[in-house]
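Peer 1: all I have is the shape, not the residue letters:
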């Protein structure tokens, strides 16, 4: 696993634009080398800003969107089309604006999907989809994700892996149901740490002063993954913490370096 690197941008708008540019470059480079790419999306406010920046970028055409497999790191277990679903936000801000192949977009099942209101069955269905997409060279029951995007909550959670909840300690399954999440809605689906740690590039995109304490604790080593799940986020090749100044405001001076011009 790669050690984390920190890059700090002035404000949320600059952060979103910078992450969007990096994302286009990363996907273009992977596709140039391998012909296709696997991308894992997240939800939240800064993610939506980033996706809008990608959709509005003059460079977006460099990505072969039809040769892109799109996955999600977690999802709120709500009906299809619900505005709180990460999938809905991604379609509104990015996927409906680029020529993706719908058969290569892999949303987590909704609560009115084929498994009904059974999140455990829905989690297994998504795990089966991931396993079907994995290649022998991936050596895992998930594809080797080329880019994983993660947000970080004020409590340090990533995806729907919350401090102290059973999903955080899962080591066998790749996707699990979460019941009783500490923030609404209570029922969710999430990739587990073993699945998330199959990504080649992992980018934690964090905005806001309410995240500053957990960002500092995770990056300084002051708290481990059981207290701050984000501390366990590692890419196999590269781990980036992409922050705005507010999210970076509690970092020690040796970590608080601004972005290069």
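Peer 2: Arrived safely. Keep in mind that this is a model prediction, so the values were computed, not measured. Residues are numbered from 1 along each chain as shown.
Peer 1: can you classify the residue nearest to residue 155 when sequence neighbours are not counted by secondary structure?
Peer 2: Closest residue to residue 155 apart from its sequence neighbours, by C-beta to C-beta, 6 or more residues apart in numbering: residue 163 at 5.8 Å. For every residue, glycine as well, the C-beta is placed using N, CA and C. The three-state label given to residue 163 by DSSP: H, G, I helix; E, B strand; the rest coil is coil.
Peer 1: what about residue 163, neighbour count?
Peer 2: Residue 163: 18 surrounding residues under other C-beta atoms under 10 Å.
Peer 1: can you count the residues close to residue 148?
Peer 2: Neighbours of residue 148 using other C-beta under 10 Å come to 28.
Peer 1: bridged to it, which residues?
Peer 2: residue 40, residue 202 (DSSP bridges).
Peer 1: what's near enough to touch it?
Peer 2: 40, 73, 196, 199, 201, 202, 203, 235 (C-beta atoms under 8 Å, 6 or more residues apart in numbering).
Peer 1: what's the end-to-end length of stretch 195-204?
Peer 2: 16 Å (C-alpha to C-alpha, to the nearest Å).
Peer 1: hang on, I meant stretch 144-159
Peer 2: OK, stretch 144-159 end separation, C-alpha to C-alpha: 18 Å.
Peer 1: return the set of buried residues in it.
Peer 2: 145-153, 155-159 (16 or more other C-beta atoms under 10 Å).
Peer 1: helix, strand or coil for the closest residue to residue 115 other than its chain neighbours?
Peer 2: Take residue 115 and drop its neighbours on the chain: the residue closest to it by C-beta to C-beta, 6+ apart is residue 121, 3.9 Å away. Secondary structure assignment for residue 121 (three-state DSSP): helix.
Peer 1: point out where the chain drops to low pLDDT.
Peer 2: Confidence mapping of the chain against pLDDT under 70 gives the ranges 256-261.
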